[in-house]
Each structure stands twice: as C-alpha cells, then as structure tokens.
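*Asks:* return a 3D structure for these sequence lines:
(3 chains)
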Amino acid sequence: MGVSATITMIFAAVLMLLIVLGFVTYAIYFERKVLGWMQLRIGPNRTGPFGLLQSVADVFKLLIKEDTIPSKADRALFILAPAIAFVPSFAVIATLPFGENLYFADLNVGLLYYGALSSISTMGIILGGWASNNKYSLLGGMRSAAQMISYEVPLILSMVGVILMSGSLNLRVIVEGQEGWFWQWNLFPQIIAFGVFIIAAISELNRTPFDLPEAESELVAGYHVEYSGFRFAFFMLAEYTYMFAVSALTTVLFLGGWHAPAPFLEFIPGFIWFVLKFAGCVFFLFWIRASMPRIRVDQLMGLAWKVLLPIALVNIFLTAFVKMLLQ
Amino acid sequence: MKGIAKGLGVTLRGLTTKKVTHNYPDEPLNMPDRFRGVQHFIPELCIVCNQCARICPTECITLTGKPNPDPEKRVKLIDTFDINFEICILCDLCTEVCPTEAIVMTNNFELATYSRDDLMKDKDWLSDNNTNIRSENSRNLSPAAAKGGAK
Amino acid sequence: MALRTEELLLNVGPQHPSTHGVFRIVVKLDGEVIREATPVMGYLHRGTEKLAEDLNYTQIIPYTDRMDYVSAMTNNYVLCHTVEKMMELEVPERAEYLRLIVMELQRIASHLVWWGTYLLDIGAMSPFLYAFRDREKIIELFNELCGARLTYFYMRVGGVKWDAPEGWLQKVKEFVPYMRSKLKEYDSLMSGNEIFLSRIKGVGAYDAETAIAYGLSGANLRCTGVKWDLRKDRPYGIYNKFDFDVPVGKNGDCYDRYLVRLAEIEQSLRIIEQALDDFPGNGPIMGKAPRVIRPPEGETYTAIESPRGEIGCYIVSRGKDKPFRLKFRRPSFVNLQILPKLLVGETMTNLITILGAIDIVVGEVDG
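*Replies:* Residues are numbered from 1 along each chain as shown, chains lettered A, B, ... in the order given. I've put the predicted structure just below:
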C-alpha cells in the first residue's frame, strides 16, 4: 500500500476518533439535559450558553486531578485496564457502515468482528477490578464481568436471526437487504430478536436497569472505585463509545441503516437517515435510564440464562423454518 | 411489560411538562410575608428589657444597655446588641415578646459569609438590614408602643 | 478438601447515600449473604431531651421541629398536646381544625419524601423529582402559613400561632384534587413496573406477632394486617369527627408497606376534604393559656400517630415552668429494632430495600 493511502487511512482514523470524542462529550451533555427534562427540571444551563460547555468542564476537571495508583496495586495491569476497556470499543467502529460509501472497512465477517472485539472489553473490567487490590472492587468487577459475559450469549444469538435473513455477515449486505419501505426493515420480521437484542445490549452497556456495577446507592462499589482522574475518564469514555457502537449497530441491523422509510424519500442523503435513527436509539437509552429501577443481581442472571437465551434460540428456529417455507 | 410501558409514558410526558426549576441566583426568590428571615433591629425603640435574650431558646442574643444621658427619662438606651447567627434558629420568639417591636423579622434569608466570625452580627448590621420587613411581629406590644406607632 | 471461607466485616458506613442520614450498620457477610447485622446509632444525637430540662415549654417546641425534620408538625403537636392534657387546657375549635389540616398535609409531605427516596435507593431516578415537585406545593402552603419551610414552630400550648392567611384555605382545597391526580401518575410511573415489583415483593416479611412483640407502629405494623391506628383507636384532637379508612396489608413485606403508605396519602386527602368542608368561621386560635406555662406536678404520656408510627411524649413535671424530665418515644428508633432480625440471610441489595421500607429519619432515631 502506498504512502499516501496510509496517510489517508491514519488521517481518517484520527478524524473518526475526534468525531467519537465529540459524540461522547455531547452525549453526556444531552443525557443530562434529557434526563433533566424528563424529571421536570432543566439540565445543565450555566456553563457556557445553554450549558454546552458542561462536559468540557467536567472532562477538564478529571484531567487535572491527581493520578493516584494504590500502593499495593499491580501497576502494569492497573494502567493497562482502562486501555483494554476502551480500545475494542473504538476498534469496532471500523466495520460499521454509516452511509452507502461511508465506511472504513468492508469486512465480509463484519458482524463476527464486532461480536469478537466487544468481548475483549470484559477483560479490561476484570483487570481493573483485580489490579486495584481492593476486595470491594474485585467483587464489583467479578459481578460486572459475570453480567457482561452472560449477556453476550443472547446478544449474539439474537443477531443470528438477522444473519439468516440476509445470508451474510457483511454489515453492508445486511443493510442493503433492508431496502425499500420501512416495513422491510429487519425490525418487523425479527421483532423477537429485536427485543432480546435491546435488552442484552443495554446490559452490555452497563446502563440502567442493568447498572448494578456502577450503582451509586449500592454498597459494594464497582470496579472503577480506585480509578481517579484521567483513568476514570477512560472508563467513562469506553462506556459512551460503546453506546455509539451499539446504537450504530442497532441501526444497521434492525432499522435499515441508511435507507429512508419510503422509496420516495431517498433523495435525502442516506447519512442523514442514519444519524436520525442513531439519535433515536441513543434517546431510547436515555429514556430507559430515566424510568426504570435497577434489577437485582440474581434476577439479572436468571433473566439472561432462563429467559433471553431460550427466546433467542426459538427465534433462530422460527426464522430458519420460515425461510425454508418461503423458498 | 405493561407496567414498564406505562412508566415510560409518564416520563415521556414529563419531557413536555412545565419545568419547576427556579432560576435562583439570577431571579430573586420571594418569600411570603410571614417568612421568618434575618432580624432587623431598631435601636431607638429598644428599652433594654432583656425579654428577647431571656426567651431565646438557644441564647444567641447578648445585649448591654447604658444609662440614658437625658436625666428626665428613666429608660436605658441600647449600647450593644449582638445576635450570633451561628446558633440563631430564626424561631421568631424574640420578635414575639418584644414590647416595642424594636426587633422585627425580615424576609431576607441570605446569610452566607466566607468566615464564621462574620456571622456574629452587631447592632449596626442588624439596623441596616431593613428591607422586606415582615408586617406582623410582636404579640406582646406594650400599650404605649401599640398606640404610639411602633410600626 | 473443604473450602475455607471467611466472614467479611463490612461497614455500611455513617456516610452512605441510602441510609437516610448518618446511620451505620456493621454487617458480617458470608459471600453475599448477611449473617449478622448490628446497627450503630448516635451519630446525630443532639441532646434534645437533656436540653429540654433547662427550657420552658414554649422554648422546647422549636427543638421538637428538628427531631423528625421531615414531619415537624406532628412533633410540635405531640408536645403541645401532652402539656395541654396535663394542664387541662381547652383548644378552640378553629385551632383544632387548623392543626388537623396541617398535620394531614404534613403526613402527605412525609410520605412523598419517603416514596421519592425509597425509589431512588432502588435505582429509579425520576420518581424522586416528581415527589418533590408535589411536596414543594405543600411546603409553600406551610411557608405562607407559618413562615418556614421545614421547621415550622407553628403550634403553641393552647392553640396555634397564626391564623390561615387570605386565600390559604382555597389553595388547600385546590391541592386535594391535584394530589389525587398525581397519585394516579405515581401508580402508572412505578407501582406497576415489573422490575420494581420483583425487587420488593416478598422481601423483608414478618408476621403480626413479631411486629407487636417488637413494638412496631405505623405502616410497619399495619402491613402485617393489624388494624391499629392511633387516630382511630385512641383518638385525639378532633379526629373522631372524620370518616377515613385505615389501610392494612397482608403479607408484611416491603411491597405491602409501600402500598399502605400510598393508600395513607389518599386517606389523608379525604380527611382534609372533610375538614375544609366543616371549617368553622372566624374564631380564636389560641386558648386561655397562662403567660407562663406551668403544668401541675405529675407525669403524663401521650402518643399520636405520626407518619412514621406512634410518637409519644412523656413529661415528668415538678410544677415548674421547665420540665423535670421530658422523653420522646420516637417511632423511627423503635421501628429500627427489627432490622437485625430482618437482615439475617438477606443479600446486600435487599439490605437497602428493607432499610428504606422501614422509613426512618435519623434525626428521630438519635434524638
């Protein structure tokens, strides 16, 4: 590959990183605003016009904090854990198609790449809990790891139905199979899988109602209790980048990617439709956070293994059966 | 699922409901007339009877009087009058018993200072604190004061 | 080879977002399960009862406001009522009605605080703000009436201090249907939520004999099915004139306590409506109380129904204007005694759920 191609690639990757960072900053701001509006109050509105600089102020505060590492902690792992949590979340964005010609890599196994890389973040969490040398953060880290690993299974299985329908693991092919009217999006034929996917995805993100690892009113603190300042910001960054990745994936898999709801609206660029659906997914995550209480840890595990897994399997069989019938 | 859906509906409707946030430092918060705020002291009306210092549940009022320079009048004059706002609970018993309404309450509540020493307010500060004075104060007005226009 | 396990000693420390104040529980954990829990109280002890020995009765009333700061009116009332009983003072009718309306409004406000903070502990963020928006309306009513938002100092021995200002009764009248519609909103927001129900059904259950043996009162007793409410069984003030139900539960778990408290708000609204309809015309608001309150020698105990349970005041008087001994039987303190028993065998998550359902206010626990 030539030098200019490499430079373009690096330049595009850095641009994407900046876009993701911008998204994270303003997702935090909008989350606080939307949560505030749903709770009958206005969110941040004093720092900067309309409070737009609130996240910037928060990140700045985190950056200038003292970098403490507990004395008995395992230094190398302690420093490595946030990086391991963050890097996969950013790396999966490489395969996501944002528009007809807006993608970084057109992998034939894009969905598999996504599933595989997102599991690596769990390692970051376990390492963070372990390296802190704190029994509570270890307990929290173990609980969080158990939650994330248990919900990986229904997540991937719910995607299998979509793969069966479109016949490929390539994310662009999956989107192209949803062309046409909005009832041809994968949402409607795969509604069961969509339900399982949403629940499993919210759990993977560690958001309410599955935010036991980060619960502020729980006693046993989460895996990031010993992290302060910049390293803590990294964990938060990983969480919001994942939100970006999961919302983009939902849009691609179930909501028709960059296609308009009706063929006569196709003159509006696909990218705009993608952004609109993506924003809808993110709003839904905020909405759920404002409304739900937290699930208890034993009920959490029961939900994954006893409810979501069988439903996802049933969905796969149904999809295969119907596909066979229609052939 | 139905319960969850109903809950989601309530929060969605909350998005469009009128917000209850008060724009406080930019817009002042107006308290009703009976609000028990920081006291206002009128030295000319005080007859140094010590009722306020005696009734105070937390003993935060300290006052001293000086003999009246005018030999005709027997009433003492107030010399120092301090209220310690670290312990004043704004219960308004002092205003209730004052026979001349020399001490009244205002509707001001902003007392924050940078140092605890500044919370010991003396006669001059209390005398200057004369905005938003409450309309009903004493329950113990002496007949002279009630007629003579303590208000 | 047997697995060696160790018990973990954990401090649900004095500073904790879910213990409703400075309250500490020392917990012995075996894995996730609690083997033993010991509450440690006293972090908010301010010596109210000792201070009362040196203050005359009117001066003690502001101190009672600050004991159970979430429901200050009932605290004021218990002290005034006890002294009035000792001195056999008659309280004028208008004052009785004002006292009743104010205490029932306070009950609603206290239950709203409980509802909001309990759901916040369970993880739902929004109900807290919805509850406080409605409580703000009650607080503003009180602000207009007596000049304070939290520590009212409204009642005096023999009556109340202030009469209702212009338009206040009309505002209370408008508040009643508003609150009813909000109760429906709370039901749709959280009471049917499946996640919430699975968190609190069956948690922290006890039966009626245990409840009576521990001396529980208020919603903690009524959730087991015992229909005991001091407003009906030992009526005080003018409660016997009004028609209201006493909601009871069945199983004695956290869910029943939740439902009982929400139902109590509805019953308080009924009482307020009836009192507003019957409200007497202009009259005195202060009875013929002497300038210096000197109850005769002797001792009395009187109890009333506060939002948390039975609050009682025991006064030993030696005929002076200051009490010889003043003791408050505080419901949060007594209700808390069942906590060690309820927590054995529960997980840490359920500790928060159970503690929240008992509804304690640490200012009252420590005094």
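*Asks:* all strands for chain B, in order.
*Replies:* Assigned by DSSP state E, the strands in chain B fall at B:39-41, B:61-66, B:77-84, B:103-105, B:120-121.
*Asks:* so for chain C, which of the ones you listed sits nearest?
*Replies:* strand B:103-105 (7.9 Å; C-beta to the nearest C-beta). C-betas here are computed from N, CA, C, even on glycine.
*Asks:* ok, now which ones touch C:Gly319?
*Replies:* Contact analysis of C:Gly319 by C-beta atoms under 8 Å, 6 or more residues apart in numbering or on different chains lists C:Arg294, C:Pro295, C:Pro296, C:Glu297.
*Asks:* pull the most distant pair out of the residues you listed.
*Replies:* Using C-beta to C-beta, the contacts of C:Gly319 reach their maximum pairwise distance at C:Arg294 and C:Glu297, which is 9.8 Å.
*Asks:* need the strands of chain B in a markdown table with mean neighbour count, distance to chain A and mean pLDDT, can you?
*Replies:* Formatted as a markdown table, the strands of chain B follow (neighbours: other C-beta atoms under 10 Å in any protein chain shown; distance: least, C-beta to the nearest C-beta, whole Å; pLDDT from 0 to 100):
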| stretch | mean neighbour count | distance to chain A | mean pLDDT |
| --- | --- | --- | --- |
| strand B:39-41 | 25 | 32 | 93 |
| strand B:61-66 | 15 | 39 | 91 |
| strand B:77-84 | 18 | 34 | 91 |
| strand B:103-105 | 24 | 31 | 91 |
| strand B:120-121 | 18 | 31 | 92 |
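*Asks:* show me which residues of chain C are close to chain A?
*Replies:* Proximity of chain C to chain A is confined to C:8, C:10, C:12, C:16-18, C:32, C:119-126, C:128-130, C:133, C:189-190, C:193, C:195-196, C:198-199, C:347-352 under the rule C-beta under 8 Å from any C-beta of the partner chain.
*Asks:* same thing but at 6 Å, please
*Replies:* C:12, C:17-18, C:121-124, C:126, C:129, C:133, C:195-196, C:198-199, C:348-349 (C-beta under 6 Å from any C-beta of the partner chain).
*Asks:* mark which of these are buried, thanks.
*Replies:* Neighbour-count burial (16 or more other C-beta atoms under 10 Å in any protein chain shown) applied to the residues of chain C next to chain A gives C:12, C:18, C:121-124, C:126, C:129, C:133, C:195-196, C:198-199, C:348-349.
*Asks:* narrow the residues you listed to those in helices?
*Replies:* Counting by DSSP state H, those place C:Asp121, C:Ile122, C:Ser126, C:Leu129, C:Arg133, C:Ile195, C:Phe196, C:Ser198, C:Arg199, C:Met348, C:Thr349 in helices.
*Asks:* just the residues you listed that are near chain B?
*Replies:* With C-beta under 6 Å from any C-beta as the criterion, the members of these in contact with chain B are C:Ser126, C:Arg133.
*Asks:* now, the most widely separated pair of the ones in helices among the buried ones among the residues of chain C next to chain A?
*Replies:* C:Arg133 and C:Met348, at 31.5 Å, using C-beta to C-beta across these.
*Asks:* where does pLDDT dip in chain B?
*Replies:* Chain B contains residues with pLDDT under 70 at B:145-151.
*Asks:* still on that earlier bit, hmm, which of the buried ones among the residues of chain C next to chain A is lowest in pLDDT?
*Replies:* Least confident of those in the model: C:Ser18, at 69.
*Asks:* residues near residue 41, how many?
*Replies:* In the absence of a named chain, this looks at chain A. Using other C-beta atoms under 10 Å in any protein chain shown, A:Arg41 is surrounded by 16 other residues.
*Asks:* correction: the question concerned chain C.
*Replies:* A count of nearby residues for C:Met41, using other C-beta under 10 Å, gives 19.
*Asks:* surely A:Phe86 is in contact with A:Ala233?
*Replies:* No. A:Phe86 is beyond contact range of A:Ala233, at 9.9 Å (criterion: C-beta atoms under 6 Å).
*Asks:* which of the buried ones among the residues of chain C next to chain A sit farthest apart?
*Replies:* The most widely separated members of these are C:Arg133 and C:Met348, with 31.5 Å between them, by C-beta to C-beta.
*Asks:* now stretch A:140-152 - C-alpha only, CSV.
*Replies:* C-alpha atoms of stretch A:140-152 as CSV (Å, rounded to 0.1, in the frame of the first residue of the first chain):
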residue,chain,number,x,y,z
GLY,A,140,-17.8,-5.5,41.8
GLY,A,141,-15.5,-6.4,38.9
MET,A,142,-16.4,-10.1,39.1
ARG,A,143,-20.1,-9.2,39.2
SER,A,144,-19.8,-6.9,36.3
ALA,A,145,-17.8,-9.5,34.3
ALA,A,146,-20.4,-12.2,35.0
GLN,A,147,-23.1,-9.8,33.8
MET,A,148,-21.3,-8.9,30.6
ILE,A,149,-20.4,-12.5,29.7
SER,A,150,-23.9,-13.8,30.4
TYR,A,151,-25.5,-11.2,28.2
GLU,A,152,-23.0,-11.8,25.3
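*Asks:* quick one: average pLDDT of that stretch?
*Replies:* 86.
*Asks:* ramachandran angles for A:Phe188?
*Replies:* Note on A:Phe188: its backbone torsions stand at phi -80, psi -50 [degrees, to the nearest 10].
*Asks:* where's it relative to chain C, distance?
*Replies:* Taking C-beta to the nearest C-beta, to the nearest Å as the measure, A:Phe188 falls 25 Å from chain C.
*Asks:* what is the burial count for that residue?
*Replies:* If you count neighbours by other C-beta under 10 Å, A:Phe188 ends up with 11.
*Asks:* the strands in the stretch 251-367 of chain C, which residues?
*Replies:* Secondary structure of the stretch 251-367 of chain C (DSSP state E, counting those that start in this stretch): strands at C:298-306, C:309-317, C:325-329.
*Asks:* which strands and helices sit next to the last one?
*Replies:* Helices and strands touching strand C:325-329, as assessed by 3 or more C-beta pairs under 6 Å, 6 or more residues apart in numbering or on different chains; DSSP states H and E, comprise strand C:309-317.
*Asks:* export the strand it packs on to PDB, keeping only CA atoms.
*Replies:* Output in PDB follows, covering the C-alpha atoms of strand C:309-317 (Å, rounded to 0.1, in the frame of the first residue of the first chain):
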ATOM      1  CA  GLY C 309     -45.700   5.500  63.700                       C
ATOM      2  CA  GLU C 310     -46.500   6.200  67.200                       C
ATOM      3  CA  ILE C 311     -44.700   9.200  68.600                       C
ATOM      4  CA  GLY C 312     -45.200   9.700  72.300                       C
ATOM      5  CA  CYS C 313     -44.200  12.400  74.700                       C
ATOM      6  CA  TYR C 314     -43.600  11.600  78.400                       C
ATOM      7  CA  ILE C 315     -43.300  14.600  80.700                       C
ATOM      8  CA  VAL C 316     -42.500  14.500  84.400                       C
ATOM      9  CA  SER C 317     -43.300  17.800  85.900                       C
END
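*Asks:* all set now, cheers.
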